[in-house]
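*Asks:* based on what follows, work out the 3D shape:
(2 chains)
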Amino acid sequence: MATKTPESAGDELPTGRDLTDNPVVISSRGLSKSFRIPERKVDSIKERAVHPFRRQPYRDLEVLKDVNFDIHEGEFFGITGRNGSGKSTLLKILASIYPKDGGSLKVAGKLAPFIELGVGFNLDLNARENIVLNALMMGMPRKLAESRIESVLEFAELKEFADLKLKNYSSGMLVRLAFSTMLEADVDILLIDEVLAVGDAAFMKKCDDAFIDMRAAGKTVILVTHDMDSVERLCDRAMLLEDGRIKEIGAPGDVGREYMRSNFADAAEEHDRHLPKDQRAALMLGAWLEDEQGTRIYNVPEGGLVRSVVELEIREEIPAPMLVGAFSTYLHSEIVHVTDFRQKPVVDGKEIEVLTPGQRITFATEFESPFKPDRYSVTFRLCRNDDFDDVAMQMVGAIDFVVFGTSSQLGLVEVEMKHEARLAEPGPGPEEDSGP
Amino acid sequence: MSASPKELVEVPGPSALGGGWRRFFELLYLISVTDFKKNYFDTALGYLWSLARPLMLFAVLLFVFTRIFRIGSEVEFYPVLLLFNIVLMSFFQEATIGSVTSVVSQEGIVRKTHFPRLVIPLSTVVTGTFNLGLNLIVVVVFIIAFGVQVTWTWLLFPFVILALFVLTAAMAMLLSSLYVRFRDVGIIWSVAVTALFYATPVLYPLEIVPEQYVKWIMINPLTPIFEQARHWVIDPSAPGAVAAAGGWIHLLPAIAVFIGTCLLAVWVFRREAPRIAEEI
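*Replies:* Numbers count the residues shown, from 1 in each chain, chains lettered A, B, ... in the order given. Sure thing, here's the model as predicted:
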């Protein structure tokens, strides 16, 4: 098991601490779990009665295979992986929601039984009653639960809404209440499934502070997320699951990079399979990004120099060709066009007037990556007659790439700016009341 | 960081009781009280609604069986006996029917928390018991108004309630866990519960049942419970469970069914509880 030295320290959140000398509080050895997926779900007793001895056809879907890891006391541990990698199943086994099939999973200390915020909430009750209900679920005695109502309300900044039924709460208020209730629970190990991207900036800051307090109190936190940014921002160590196995375990930065890499590898494979469908006047032989040395890259560091390359084989004559490359990203699950470029084939300083069948041409475009950390894709289009709408070939999402970095600046792109300020001394006379 | 490392123990996995008795009972109590309150404080007429159903049924049946069929007029204290029986039977019917879908409808809790599974069906039974308690107050008013003698055997009545509660809880456990896998349990039970209403001496006292059918009705574990309740509360001259059955021997089938149901319920629920989250 690789444990790396702290990567970053000194900000308000000391991530990447090396706590591997602390006692182990969660230990998994050879943990396995499979789900029995019925090929045809027999839901009625009648079918059972008609065929009492027929075995139900099913297949076993292995979701966790021989998973071994240790988590140490006080660690902020991230579990990440793509959808279906088994990360949520692992969390559910930890929380005693699913039984395990094999191996051993041991825990020292008290563990929060929730994996999602606010599951136990009853919307017909007010905040006070729900705080007690939630605390009882966490295994707190009733008296103690009642004594903590005020501090939970205070943290959630919901004092004036304490007697309002939860069904009248906004979703943001619900999350705040849920998060505060969880923090007040008297548990040693907290399990959190994708919750950090909620609330406004001020509340997130508060949560960060709370995490620092939790660390100081020696609490262990396990965070399951596919948001690599929170892993790198919060975790001391992290683990990447792929198809139910541990792909990487160690420093959050390494795990993050591995995650991006594996994500991209699959996307590229997928894309190659779909390639022949789109061939029209030209066939795309390949498209990729490379760095200054010419090595292909899948992840682009923020602000790095990048070259996009596309290789085409011409099938039909294309007069006055023009290549269009468009960068897009997802924002609130909508595709957003970030920027594009248009490029005429200029070879040895001479513009090519027509592309003829059988020719192979490679376009390269170099740029300083202006993108903020996120996932992006590039769509290529080869046009005829200098006309943007006369498409000879199109490949949507020819390149998928991830920009990584730790920028905390908002927005989609980073623009090079020159800043300057001028200060004018108040002049005499009328200038004072009639400003420019 | 705490100095003494805690001992590593295997995660318990999901179970019927999940996480200790204290947590189990506190959750059971809180959730039952919450549901109970919700039923009564969210509607304008609150408590009256829970009385309206049995009272309405009572009025209709009373008319039918004293004016049309006239069997009622031969039985001492028939109106109060009928009301008493209807209230007890409504508890059994409503609690078991309510429990069928209880676990499935609490999907969120089942799939996302380590929640003692047993709390869910049991809380519907406990909520029903609170209802029953309130309804019985009204029944007592009727009983006394009709001139029934208050006797010391009233003190034994809680044993009847206990037996009824255990049987209802057992059915609730059985039905709610089976429903997760077999959705037709809901339909089957809604039919079965109606059949049970007639197979239990609710509308009729056992002594007017023709001899050859009595032994069949006595297999139903609800029968001795209702007979004993009548003997203790309404009419001490009416036969108790043992006398109605014609001796202890004849009571054994009902006792066997009662115990069998409870054991089966515990066995099925314990077996199904850990996998409920996956099966839903």
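*Asks:* residues from the stretch 151-300 of chain A in reach of chain B?
*Replies:* Contacts of the stretch 151-300 of chain A with chain B, taken as C-beta under 8 Å from any C-beta of the partner chain, map to A:188, A:218. Any C-beta I mention is one placed from the backbone N, CA and C, and that applies to glycine too.
*Asks:* shaky segments in the stretch 151-300 of chain A?
*Replies:* A:171, A:194-208, A:215, A:226-227, A:229, A:263-280, A:298-299 (pLDDT under 70).
*Asks:* nearest to chain B: which residue in it?
*Replies:* Using C-beta to the nearest C-beta, the single residue of the stretch 151-300 of chain A nearest to chain B is A:Gly218, 4.3 Å away.
*Asks:* let's verify that residue: helix, strand, or coil?
*Replies:* coil (DSSP: H, G, I helix; E, B strand; the rest coil).
*Asks:* what's the neighbour count on it?
*Replies:* A:Gly218 is flanked by 15 other residues according to other C-beta atoms under 10 Å in any protein chain shown.
*Asks:* now the one 5 residues further on
*Replies:* In terms of burial, A:Leu223 registers 24 neighbours under the definition other C-beta under 10 Å.
*Asks:* what do you get for B:Glu278?
*Replies:* Number of residues near B:Glu278 (other C-beta under 10 Å) recorded here: 18.
*Asks:* for the helix or strand containing it, output the C-alpha coordinates as PDB.
*Replies:* Take DSSP states H and E as the rule and B:Glu278 turns out to sit in helix B:276-279. Taking C-alpha atoms only, helix B:276-279 is exported to PDB below (Å, rounded to 0.1, in the frame of the first residue of the first chain):
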ATOM      1  CA  ILE B 276     -34.400  -6.400   2.200                       C
ATOM      2  CA  ALA B 277     -32.300  -3.500   1.000                       C
ATOM      3  CA  GLU B 278     -31.200  -5.400  -2.000                       C
ATOM      4  CA  GLU B 279     -34.500  -6.900  -2.900                       C
END
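*Asks:* quick one: stretch A:240-254 to chain centroid distance?
*Replies:* Offset of stretch A:240-254 from its chain centre (C-alpha atoms, centre = their mean, to the nearest Å): 14 Å.
*Asks:* if we go by neighbour counts, what in it is buried?
*Replies:* Buried positions in stretch A:240-254, judged by neighbour count with 16 or more other C-beta atoms under 10 Å in any protein chain shown: A:240-242, A:244-254.
*Asks:* per-residue pLDDT of A:Phe430, please?
*Replies:* For the record, residue A:430 is Pro, not Phe. pLDDT for A:Pro430: 54.
*Asks:* distance of A:Ala216 from B:Glu278?
*Replies:* Per C-beta to C-beta, to the nearest Å, A:Ala216 is found 38 Å from B:Glu278.
*Asks:* oh sorry, the question was meant for A:Val336
*Replies:* Noted for A:Val336: a distance of 39 Å to B:Glu278, by C-beta to C-beta.
*Asks:* quick revisit: isn't the residue of the stretch 151-300 of chain A closest to chain B up against A:Gly74?
*Replies:* Yes - using C-beta atoms under 8 Å, A:Gly218 is in contact with A:Gly74, at 5.0 Å.
*Asks:* re the thing from before, what does the helix holding B:Glu278 rub up against?
*Replies:* With C-beta atoms under 8 Å, 6 or more residues apart in numbering or on different chains as the test, helix B:276-279 has contacts from A:35, A:92, A:97-98, B:14, B:103, B:110-111, B:117, B:177, B:180-181, B:272.
*Asks:* closest one to A:Asn22 out of these, please.
*Replies:* Checking those against A:Asn22 by C-beta to C-beta gives A:Lys92 as the nearest, at 25.3 Å.
*Asks:* the closest one contacts A:Tyr98, correct?
*Replies:* Yes - counting by C-beta under 8 Å, A:Tyr98 is a contact partner of A:Lys92 at 4.5 Å.
*Asks:* could you look up the SS state of the residue nearest to B:Thr153 when sequence neighbours are not counted?
*Replies:* Using C-beta to C-beta, 6 or more residues apart in numbering or on different chains and skipping the chain neighbours, the partner closest in space to B:Thr153 is B:Trp232 (4.2 Å). Following three-state DSSP, the label given to B:Trp232 is helix.
*Asks:* against B:Ile225, how distant is B:Trp232?
*Replies:* 11 Å.
*Asks:* list the residues that contact both of those two?
*Replies:* Shared contacts of B:Trp232 and B:Ile225, defined by C-beta under 8 Å, 6+ apart, are found at B:Val160.
*Asks:* ok, those two, which is more surrounded?
*Replies:* With neighbours defined as other C-beta under 10 Å, B:Trp232 and B:Ile225 compare such that B:Ile225 has more, 24 against 21.
*Asks:* what's the following helix or strand after the helix or strand where that one lies?
*Replies:* Using DSSP H and E, B:Ile225 falls within helix B:222-229. Note on helix B:222-229: by DSSP H and E, the next helix or strand toward the C-terminus is helix B:241-245.
*Asks:* for the very next helix or strand once past that next one, packing partners?
*Replies:* Counting by DSSP H and E, the element after helix B:241-245 in chain order, helix or strand, is helix B:248-272. Under the contact criterion of 3 or more C-beta pairs under 8 Å, 6 or more residues apart in numbering or on different chains; DSSP states H and E, helix B:248-272 touches helix B:157-181, helix B:222-229, helix B:241-245.
*Asks:* quick one: which of these is nearest chain A?
*Replies:* Closest to chain A of the helices and strands packed on helix B:248-272, according to C-beta to the nearest C-beta: helix B:157-181, at 7.7 Å.
*Asks:* would you mark the buried spots in the closest one?
*Replies:* Across helix B:157-181, burial judged by 16+ other C-beta under 10 Å covers B:160-161, B:163-181.
*Asks:* filter the residues you listed down to the ones near chain A?
*Replies:* Restricting the buried residues of helix B:157-181 to those within reach of chain A (C-beta under 8 Å from any C-beta) leaves B:Arg181.
*Asks:* can you get me a residue count around the nearest residue to A:Thr181 once chain neighbours are set aside?
*Replies:* Ranked by C-beta to C-beta, 6+ apart and with sequence neighbours excluded, the top spatial neighbour of A:Thr181 is A:Asn134, at 4.6 Å. Neighbour count of A:Asn134, defined by other C-beta under 10 Å: 27.
*Asks:* over to B:Val126?
*Replies:* Neighbour count for B:Val126, taken as other C-beta under 10 Å: 22.
*Asks:* was I right about it contacting B:Leu28?
*Replies:* Yes - here B:Val126 reaches B:Leu28: they are 6.4 Å apart, a contact under C-beta under 8 Å.
*Asks:* ends of stretch A:72-87, what's the gap?
*Replies:* Using C-alpha to C-alpha, to the nearest Å, the span of stretch A:72-87 from its first residue to its last is 19 Å.
*Asks:* how about stretch B:211-230?
*Replies:* Start and end residues of stretch B:211-230 are separated by 20 Å (C-alpha to C-alpha).
*Asks:* model confidence for A:Thr80, exactly?
*Replies:* Per-residue confidence (pLDDT) for A:Thr80: 86.
*Asks:* so what's it bridging to?
*Replies:* Here A:Thr80 sits in beta bridges with A:Leu240, going by DSSP bridges.
*Asks:* OK, contacts around it?
*Replies:* Counted by C-beta under 8 Å, 6+ apart, A:Thr80 has contacts A:87, A:224-226, A:228, A:231, A:238-241, A:255-256, A:259.
*Asks:* nearest to B:Arg23, of those?
*Replies:* Nearest to B:Arg23 out of these is A:Val224 (C-beta to C-beta; 24.5 Å).
*Asks:* is the helix or strand where B:Val104 lies in proximity to chain A?
*Replies:* Per DSSP H and E, B:Val104 falls inside helix B:102-105. No - Helix B:102-105 does not reach chain A (C-beta under 8 Å from any C-beta); its nearest approach is 12.2 Å.
*Asks:* what packs against that helix?
*Replies:* helix B:119-145, helix B:157-181.
*Asks:* give me the number of residues near the residue of the stretch 51-200 of chain B found nearest chain A?
*Replies:* Closest contact between the stretch 51-200 of chain B and chain A, by C-beta to the nearest C-beta, is at B:His114 (3.5 Å). Around B:His114 there are 28 other residues, counting by other C-beta under 10 Å.
*Asks:* understood, closing this out.
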